[in-house]
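Colleague: need coordinates for the following:
(2 chains)
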Amino acid sequence: MAERTPVLEVRGLGIDFGGLTAVNDLNMEVYPEEIAGLIGPNGAGKTTVFNMLTKVYQPTRGQIIFCGEDLAKKSVVETNKAGIARTFQNIRLFSNLSVLDNVKTGFHNSITYSPFAAVLRLPSYYKQEKELDEKARDLLKILELSDQADVIAGNLPYGAQRRLEIARALATGPKLLLLDEPAAGMNPQETEELMKMIRFVRDHFKIAVLLIEHDMKLVMGICERITVLNYGMMLAQGLPEEIQANPAVIKAYLGE
Amino acid sequence: MTKDKKGLSALFSAKYRGRTASYTLVILAYIILEVMRASGNLSSLFTSLLVPVTCYIVAAIGLNLNVGISGELNLGQAGFMSIGAFTGICVSGRLAASVPAVPRLILAMIAGALLASLFGFIIGVPVLKLQGDYLAIVTLAFGQIIKSLITNMYLGFDENGFQFSFVENTCKLVPGGKMLLNGPMGATGTQRIATFTVGVILVLVALVIVYNLMYSKSGRAIMAARDNRIAAELIGINISATKMLAFVVSAGLAGAAGAMYGLNYSTLVPNKYDFNTSILILVYVVLGGLGNMTGTIISTVVLVLLPELLRSLQDYRMLIYAIVLIVIMLLTNNEWVRTRIKLLQKSLSGGRKASAGKEDGKEAA
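Modeller: You can find the predicted model right below:
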């Protein structure tokens, strides 16, 4: 396990908001085709880490080495092109577009025809749109959204919206998928299905997954390695069993 | 045969219905108006309004791409029309002796569209990187600046070439020369080469451009950036480039419309394209429905014709115009009316479902 080169390597990552240090000196790795977890009590800085990895926030210090390339100075768009895709804790869909169009939008950078080709409806437009339609429908099938392809995204039920966000993120062809509380608001049965889906997605697309989650059943059930954050600092890192037995982690969650 | 049938019913599927409605409306209106004109049933007032209406429709369709689809407020559409108009007039005036009317009109529109797009691009570069209503403020100022600039511009040409001066007219033309721009007087003695047919073709071209763009990679990106800027950026969409495309196309359409408008009158003053005109075009768009091209066409026609039809009421004209505006707003934003319209649509599509078979099953879901 340890001999593999990590797909993502975070070194000394930190961010200050004015005088407040939200995350400090974070070191972590995510290996290829691994499902990793990032947990911690509320306000520990988990989403802030995601925002730094996707460059929504510019880290104050540290390195984000992704596939051998430092992303610390790259833009949001470049980060996505490098192969990091994410979902959001508070769902951010294109709520006026159809489910199918949301996924098609995810394929944005794999389409090469120009706006002129689109306006003039050149053969390249038809060819690529046809392929795109098939690829998008395949993704919807995997995330069990095929029946709702023509529904306006904003009208989807909550669980389906979360799955659509994953579909859209996968459409960008990532090597690393960041899931921010994918099971939030789901009942146990839905969570169970989501776990299966995340595993299937990982196996099918051969990608690494890093997820933030409060549902410990899900975290312990599918994560192969877990990083625990507390007050913006790394508290522990290890296998699920190790984390569960770690006194510092238990203290952070339950108090003395 | 089956393939034809599928293609035909696809025209009415949820995705393409708006498009089909727009094209059908424009073509039907054109045929009816041409027949009425040929049979002498169209009053001279109506006849004189045909070309201006098509111009405003094109400018409004462009603005709807910018405001409705891209979600950026633009308060300077008249400025882009103005650039297009005076560019078009200059091009047409210069080529009057050498090029026949219709190709000259087309050249003038292309020149107007290109220059207006260029200006759109220049003011878009700094502004579209920002979030918020900056575009509204900058385009508002832009409209005023363009008006002032053209009000102070003198351009003439004779056999020795172009002569240009600013603020004061220092152009000294040899006999046979012609002033194209005359400061506050604008353009005078323009050859009127705009025709209703070319106007309708321009409307159709504008619709093709906007719809084809909407249902493509760019259109999805434009709408994604409108719906959720951060999410759009995180799936790799370059927001400012995307918004720029919508803005530049919008400006270009206004430029082409302006050129057509300018070449429909023998005299055009720069003051014609002031802030009020920009707001008027915005009203056409908002009343017709953001993102709804068919609605834009209808509202433009109604709102351009209305003040003219109410002329006989003299002083009460603007009062009634305002009341009509308010009534339309109340009606289109009314839940009761909306549910009725939805029910009507449902019963209509239900009827079609029976005849068209499977194809429409999807849209009902």
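Colleague: in space, what's closest to the residue nearest the centre of chain A - neighbours in sequence excluded?
Modeller: Centroid check for chain A by CA atoms, centre = their mean gives A:Leu178 as the closest residue, at 1.7 Å. Counting by CB to CB, 6 or more residues apart in numbering or on different chains, A:Leu178 lies nearest to A:Arg86, which is 3.8 Å off, once chain neighbours are set aside. Using the backbone N, CA and C atoms, a C-beta is placed for each residue, glycine as well.
Colleague: residue contacts, the one residue in the stretch 201-350 of chain B that gets nearest to chain A?
Modeller: The nearest approach of the stretch 201-350 of chain B to chain A comes at B:Ser216, 3.4 Å away (CB to the nearest CB). By CB atoms under 8 Å, 6 or more residues apart in numbering or on different chains, the residues touching B:Ser216 are A:113, A:115, A:118-119, A:125, A:129.
Colleague: roughly how far does it sit from B:Ala141?
Modeller: 32 Å (CB to CB, to the nearest Å).
Colleague: just give me the neighbour total for the residue nearest to A:Leu178.
Modeller: 26 (other CB atoms under 10 Å in any protein chain shown).
Colleague: next to chain B in this structure, residues from the stretch 1-150 of chain A, please.
Modeller: Residues of the stretch 1-150 of chain A lying close to chain B (CB under 8 Å from any CB of the partner chain) are A:54, A:56, A:76-77, A:80-81, A:85-86, A:88, A:92-97, A:101-102, A:104-106, A:108-109, A:111, A:113, A:115, A:118-121, A:125, A:129, A:147, A:149-150.
Colleague: buried ones among these?
Modeller: Neighbour-count burial (16 or more other CB atoms under 10 Å in any protein chain shown) is assigned, among the residues of the stretch 1-150 of chain A next to chain B, to A:54, A:56, A:76-77, A:80, A:85-86, A:88, A:92-94, A:96-97, A:101-102, A:104-106, A:108-109, A:111, A:113, A:115, A:118-119, A:125, A:129, A:149-150.
Colleague: can you count the residues close to B:Ile323?
Modeller: 11.
Colleague: the residue in chain A that chain B sits nearest to: what's it in contact with?
Modeller: Relative to chain B, the nearest point of chain A is A:Ala118 (3.4 Å; CB to the nearest CB). Contacts for A:Ala118 were tallied using CB under 8 Å, 6+ apart; they are A:125, B:212-213, B:216-219.
Colleague: you'd agree it is in a helix?
Modeller: Yes: judged by DSSP: H, G, I helix; E, B strand; the rest coil, A:Ala118 forms part of a helix.
Colleague: coming back round to it: and the residues of the stretch 1-150 of chain A next to chain B, which of them are in helices?
Modeller: A:76-77, A:80-81, A:101-102, A:104-106, A:115, A:118-119, A:125, A:129 (DSSP state H).
Colleague: okay if I get these as CSV plus pLDDT?
Modeller: Formatted as CSV, those follow (pLDDT from 0 to 100):
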residue, pLDDT
A:Val76, 93
A:Val77, 93
A:Asn80, 94
A:Lys81, 93
A:Asp101, 95
A:Asn102, 96
A:Lys104, 96
A:Thr105, 96
A:Gly106, 95
A:Pro115, 92
A:Ala118, 93
A:Val119, 93
A:Tyr125, 94
A:Glu129, 94
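Colleague: tally of neighbours for residue 99?
Modeller: Assuming you mean chain A. Neighbours of A:Val99 using other CB under 10 Å come to 29.
Colleague: not what I meant, chain B
Modeller: B:Val99, neighbours per other CB under 10 Å, totals 16.
Colleague: tell me how far it lies from B:Gly112.
Modeller: Counting by CB to CB - B:Val99 and B:Gly112 are separated by 15 Å.
Colleague: do stretch B:277-290 and chain A come into contact?
Modeller: No: residues of stretch B:277-290 contacting chain A under CB under 8 Å from any CB: none, with a closest distance of 10.4 Å.
Colleague: how far off centre is that stretch?
Modeller: Centroid displacement of stretch B:277-290 relative to its chain, using CA atoms, centre = their mean, to the nearest Å, is 10 Å.
Colleague: what does stretch A:64-76 rub up against?
Modeller: Contacts to stretch A:64-76, defined as CB under 8 Å, 6+ apart, come from residues A:5, A:7-11, A:13, A:52-56, A:59, A:62-63, A:78-79, A:82-84, A:175-176, B:233-234.
Colleague: repeat that with 6 Å
Modeller: With CB atoms under 6 Å, 6 or more residues apart in numbering or on different chains as the test, stretch A:64-76 has contacts from A:8-10, A:55, A:59, A:63, A:79, A:82, B:233.
Colleague: same thing with stretch B:102-114?
Modeller: Contacts for stretch B:102-114 (CB under 6 Å, 6+ apart): B:84, B:87-88, B:91-92, B:95, B:193, B:198, B:252, B:255-256, B:258-259.
Colleague: any chance of a ChimeraX selection covering the buried ones in the residues you listed?
Modeller: To isolate the buried ones among the contacts of stretch B:102-114 in ChimeraX, judged by 16+ other CB under 10 Å, type:
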select /B:84,87,88,91,92,193,198,252,255,256,258,259
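Colleague: now do B:Ser82 against B:Thr277, distance only.
Modeller: 9 Å.
Colleague: correction: the previous question concerned A:Ile207.
Modeller: From A:Ile207 to B:Thr277 the distance is 54 Å (CB to CB).
Colleague: for the chain, give me the ranges with low pLDDT.
Modeller: Picking chain A for this. A:1-3, A:256 (pLDDT under 70).
Colleague: think we crossed wires, I meant chain B
Modeller: Ranges of chain B meeting pLDDT under 70: B:1-15, B:332-333, B:349-365.
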